[in-house]
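Visitor: Need the 3D shape of this:
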Amino acid sequence: MPERCAWAGPEPIYIAYHDTEWGVPEHDGRALWEKLVLDGFQAGLSWITILKKRDNFRSAFRGFDPAVIAEWGENEVRRLLADPGIIRHRGKIEATITNARAFLEIEAKDGFSPFLWRYVEGQPLQPGYATQAEVPPETALSKQVSKDLKKAGFRFCGPTITYAFMEACGLVNDHLTTCHCHDRVAAMPGPGT
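Guide: Now for the predicted structure:
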C-alpha cells in the first residue's frame, strides 16, 4: 500500500481525492473559484463532509456558474437553505453569491487564474514538509492572498481557508515528502511554464 499524507483516509472517496486531485495545479479560473467556495463552506467542518456533498453542491449551485449565481437573490438563498444535500448556512450561501460577483470582476479584468498564480510567480511552491506537524495552518502568503481577496469583495476566505485552498489547488505542494504523490505533483507545472 502506498504511503500517503496522514489526513488522507480511510474512506475511499478521501483517498481518491488525495491521490488524484489534491495538490494538482489548477489553472482554470472557474474551477479555482468553485474550490474556494467549497473551502469556505468547509469552515468549521471537516473536508470529508464537503467532499461527500460536492455533487449536491454542484447541482444546487447550477454547476458553480458564477454568471448565474451572481444574479441570485433572496429566493435562491431560501431555496438553498431548504436543500438538505448541502451545508445550509445563510452566511456561506450569501457569501457565495457575493463571491460570484467578485469573481466576475476579477475574471473580466485580469482573469481569476492569473490573479491567483501571480502570488507564486506562476509556479507551485515546494516547501518539502516531511511530517504533518510541519505543515502550517496558514502562512504570510495566505494572509496576503486572503487580504487581497477580501479587498476584491470576497467573503469566507480567511488565511486558514485560503491556505487550504492554495494546497488543494496546487499553488503550494504540501504533499509530504514521504507521500507517493509528492514527486508526481512536484513535477507538474504551474501556468507560468
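Visitor: give the contact list for E121.
Guide: G192 (Cβ atoms under 8 Å, 6 or more residues apart in numbering). In this view, the C-beta of every residue, glycine as well, is placed from N, C-alpha and C.
Visitor: Actually, V37.
Guide: Contacts of V37 by Cβ under 8 Å, 6+ apart are 61, 64, 96, 99.
Visitor: And it, which helix or strand is it part of?
Guide: For V37, the element it lies in under DSSP states H and E is helix 29-42.
Visitor: Buried residues of the helix or strand following that helix, list them for me.
Guide: Per DSSP H and E, the first helix or strand lying C-terminal to helix 29-42 is helix 47-60. Within helix 47-60, the residues that count as buried by 16 or more other Cβ atoms under 10 Å are 47, 50-51, 53, 57, 60.
Visitor: helices or strands next to helix 47-60 in the packing?
Guide: With contacts taken as 3 or more Cβ pairs under 8 Å, 6 or more residues apart in numbering; DSSP states H and E, helix 47-60 sits against helix 12-20, helix 29-42.
Visitor: So D174 versus T98, what's the distance?
Guide: According to Cβ to Cβ, to the nearest Å, D174 and T98 sit 28 Å apart.
Visitor: neighbour-wise, which of the two wins?
Guide: The residue with more neighbours, out of D174 and T98, is D174; 27 against 16, by other Cβ atoms under 10 Å.
Visitor: I figured that one hits Y129, correct?
Guide: Yes - between D174 and Y129 there is a contact under Cβ atoms under 8 Å: 6.3 Å.
Visitor: list residues touching both of the two?
Guide: With Cβ under 8 Å, 6+ apart, D174 and Y129 have common neighbours V135.
Visitor: what about the strands in this protein?
Guide: Counting by DSSP state E, the chain forms no strands at all.
Visitor: Can you pull the poorly scored residue ranges out of it?
Guide: 193 (pLDDT under 70).
Visitor: Quick one: the helices in it, in order.
Guide: Here the chain has its helices, by DSSP state H, at 12-20, 29-42, 47-60, 66-69, 74-81, 90-109, 112-117, 140-151, 159-168, 182-186.
Visitor: For the fourth one, name the packing helices and strands.
Guide: Translated: helix 66-69. helix 90-109.
Visitor: Fine by me, thanks again.
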